[in-house]
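Q: just coords:
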């Protein structure tokens, strides 16, 4: 259920940007830097990664993302962080 909420809300670039800001810290700065390298706004990058995850992730990736939300203080942000890490790794390997 939480993963569905992440995909539904964070596929919107404005909400994705706000969620990234809520994560904050070095992670948010790294994602923003990745967006700058691609010459797109951070919210657009986050939304694109979330959409790609929802279309292409294998069952094991969905389960791992779901696991990342369990017991977390902020499960939606934890799940989003997992999706972003996974998506950026895929892009770095040219798999997106």
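A: All right, it came through fine. Owing to the predicted nature of the structure, the values given are computational and were not obtained by experimental measurement.
Q: tell me the pLDDT at residue 96?
A: Here the pLDDT value assigned to residue 96 is 55.
Q: if I look at the residue of the chain positioned farthest from its centre, how far off is residue 26?
A: Ranking residues of the chain by C-alpha distance from their mean position (CA atoms, centre = their mean) puts residue 71 at the top, at 18.5 Å. Distance, residue 71 to residue 26, by CB to CB, to the nearest Å: 23 Å. All C-beta spots, glycine's among them, are computed from the backbone N, C-alpha and C.
Q: same question for residue 83.
A: 18 Å.
Q: can you check residue 57 too?
A: If you go by CB to CB, the gap between residue 57 and residue 26 works out to 25 Å.
Q: which one's more surrounded, these two?
A: residue 57 (19 against 8; other CB atoms under 10 Å).
Q: thought that one was touching residue 65?
A: Yes - Residue 57 is within contact range of residue 65, at 7.4 Å (criterion: CB atoms under 8 Å).
Q: which element, helix or strand, includes the residue nearest to the spatial centre of the chain?
A: The C-alpha lying nearest the average C-alpha coordinate of the chain belongs to residue 84 (CA atoms, centre = their mean; 3.2 Å). Assigned by DSSP states H and E, residue 84 belongs to helix 75-92.
Q: so what touches that helix?
A: 2-3, 5-6, 9-10, 19-20, 22-23, 27, 31, 34, 46, 49-50, 52-53, 57, 61, 64-66, 68-69, 72, 96 (CB atoms under 8 Å, 6 or more residues apart in numbering).
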